[in-house]
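Asks: Fold the following, please.
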Amino acid sequence: MTVTNIYKTPILTARETARYLRMHESTLDRWLATDDPLVHSVTPERRGWPRVPFVGVIEAYVLRALRELRMPMRDIRAAAAIAREEFDDPYALARQRIATDGVAVFVRLADEQLVHASSGQLAIREVLEEHLRYIEWDSEGGAQRLRLKQFPEFADVIIDPRFGWGSPVLGRSKVRVTDLVELWRAGEPIAGVAEEYDLDVNIVEDVLRFAA
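Replies: Numbering: from 1, shown residues only. Below is the predicted model of the structure:
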C-alpha cells in the first residue's frame, strides 16, 4: 500500500484533491491544465482515474495558501515561477525550503509589488507559516505527509503516500477515511464502525462528520 514514486504515481483525482484541500475544483483544474502547470500531474490510466501525484497535492496545498490571501491568479503564477527559478527546482513548492526561504521569497515579492496581497506582508508570512506547519518533511527536505487541518487534531487525518495508496488515513491506525465512510453509509452505526476498526467512537464520529 506504499506509493514508491511521489512524482509519477497518481494517488487522487482532481475532484478528491480539491475536496480534501477545501478549494474549488475549477481552480485546481486550471492549475493542472496548462502547458506550464502550476501543479504537476500525470496522465491517468483511464478517464476519471487519479492523476494527481503526492507532489502535486503538496503544490496545490501551498498555492491554496496564497489564494487564501486573495492573490490574483497571475500573481500566484508569478510567485510559483519565481520560487522554482530561485531554487532551480521544478518541485520547489513541495520542498522544505519553501517553509523557510520560500516564505521570504513571497514576502519579498510583495515588497517589490510583483505579488499583491491585500493584507500585506505580515499576512503573507503568517498565513503561509500557518499552512506549512501541517506538512511533515523527510530527511532530504521533501514533503512526506500532510495533515488535513479540517479534521480534529486528535483524529490526526493525514495524506501520506506510504499508507493507503495516498488516500487520507488516520495517522495512528492507518485506517483509510473512505473505509470508515463507506461502512457507515452501508448502514453500520458509528459504534459498529468504531468496533470494526478498533477505534475510539468519538474519533470515528468526528471523522465521519467532517468527511461526509
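Asks: Buried residues in stretch 140-155, which are they?
Replies: 142-148, 151, 155 (16 or more other Cβ atoms under 10 Å). (Glycine included, C-beta is placed from N, CA and C.)
Asks: any weak-confidence spans in the chain?
Replies: Across the chain, the ranges flagged by pLDDT under 70 are 1-3, 107-123.
Asks: In it, which strand is the longest?
Replies: strand 143-147 (DSSP state E).
Asks: Show me which residues of the very next helix or strand once past that one are buried.
Replies: The first helix or strand that comes after strand 143-147 along the chain, using DSSP states H and E, is strand 157-159. Within strand 157-159, the residues scored as buried using 16+ other Cβ under 10 Å are 157-159.
Asks: repeat for stretch 160-179
Replies: 160-171, 175-177, 179.
Asks: And that stretch, end to end?
Replies: 16 Å (Cα to Cα, to the nearest Å).
Asks: Name the residues that touch it?
Replies: Stretch 160-179 is contacted from outside by 1-3, 6, 9, 11-12, 20, 54, 57, 144-148, 155-159, 197-199, 203, 207, 211, using Cβ atoms under 8 Å, 6 or more residues apart in numbering.
Asks: and residue 38, how many neighbours?
Replies: 24 (other Cβ atoms under 10 Å).
Asks: Tell me how far it lies from residue 18.
Replies: Distance check for residue 38 against residue 18: by Cβ to Cβ, to the nearest Å, it reads 14 Å.
Asks: do the same with residue 129
Replies: 23 Å.
Asks: Likewise for residue 127?
Replies: 19 Å.
Asks: now residue 101
Replies: Taking Cβ to Cβ, one finds residue 101 at 28 Å from residue 18.
Asks: of residue 129 and residue 18, who's got more company?
Replies: residue 18 (20 against 13).
Asks: got a list of what the more buried one touches?
Replies: Contact analysis of residue 18 by Cβ under 8 Å, 6+ apart lists 24-25, 27-28.
Asks: With secondary structure, neighbour count and distance to residue 48 as new columns, can those be given to me in CSV?
Replies: Below are these laid out as CSV (DSSP: H, G, I helix; E, B strand; the rest coil; neighbours: other Cβ atoms under 10 Å; distance: Cβ to Cβ, whole Å):
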residue, secondary structure, neighbour count, distance to residue 48
24, coil, 11, 19
25, helix, 14, 13
27, helix, 18, 19
28, helix, 24, 15
